[in-house]
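Asker: sequence unknown, structure follows:
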């Protein structure tokens, strides 16, 4: 019984933090991290009116020069598709209003210059 309570407390702490971790990848920019089936991690950050995606491969930044993609956001009954463009370093920026808010779901489709396309889903709380 003590183990069950300890696990429940741990799950509540993680849920309350508002950050998702994928296979040990930490949110380095205060966003939500999800990992693709190929091992590429994307961190979705929505701050100060900007939506960014940071790309890493097992904790190492992946340059986004030459990358492209889109962010599809489902919120309520609305659907928005916003193009993603390189923003320097390992970041991509959404070119337009991604309309991310509590309850939204987002799908990032990213094609990196030297890799296969990556698709990741996010759920915003």
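Answerer: Looks like it arrived, so ask away. Fair warning: this is a prediction, and the values are worked out from it, not measured in the lab.

Asker: Not counting its own residues, what contacts stretch 69-81?
Answerer: Stretch 69-81 is contacted from outside by 51, 53, 82-84, 92, 94, 96-101, 103-111, using Cβ atoms under 8 Å, 6 or more residues apart in numbering. Yep, even glycine has a C-beta here, placed from its N, CA and C like the rest.

Asker: mind redoing it with 6 Å?
Answerer: With Cβ atoms under 6 Å, 6 or more residues apart in numbering as the test, stretch 69-81 has contacts from 82-84, 94, 98-99, 104-111.

Asker: out of these, which are buried?
Answerer: 82, 84, 94, 98-99, 104, 106, 108, 110 (16 or more other Cβ atoms under 10 Å).

Asker: Mind checking which of the residues you listed are in strands?
Answerer: Within those, residues falling in strands by DSSP state E are 82, 84, 94, 106, 108, 110.

Asker: Throw those residues into JSON lines and include pLDDT and distance to residue 26, thanks.
Answerer: Output for those, formatted as JSON lines (pLDDT from 0 to 100; distance: Cβ to Cβ, whole Å):
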{"residue": "82", "pLDDT": "96", "distance to residue 26": "26"}
{"residue": "84", "pLDDT": "97", "distance to residue 26": "22"}
{"residue": "94", "pLDDT": "96", "distance to residue 26": "22"}
{"residue": "106", "pLDDT": "96", "distance to residue 26": "20"}
{"residue": "108", "pLDDT": "97", "distance to residue 26": "18"}
{"residue": "110", "pLDDT": "97", "distance to residue 26": "20"}
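
Asker: how about CSV for these, with distance to residue 34 added?
Answerer: Below are these laid out as CSV (distance: Cβ to Cβ, whole Å):
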residue, distance to residue 34
82, 17
84, 15
94, 16
106, 10
108, 8
110, 12
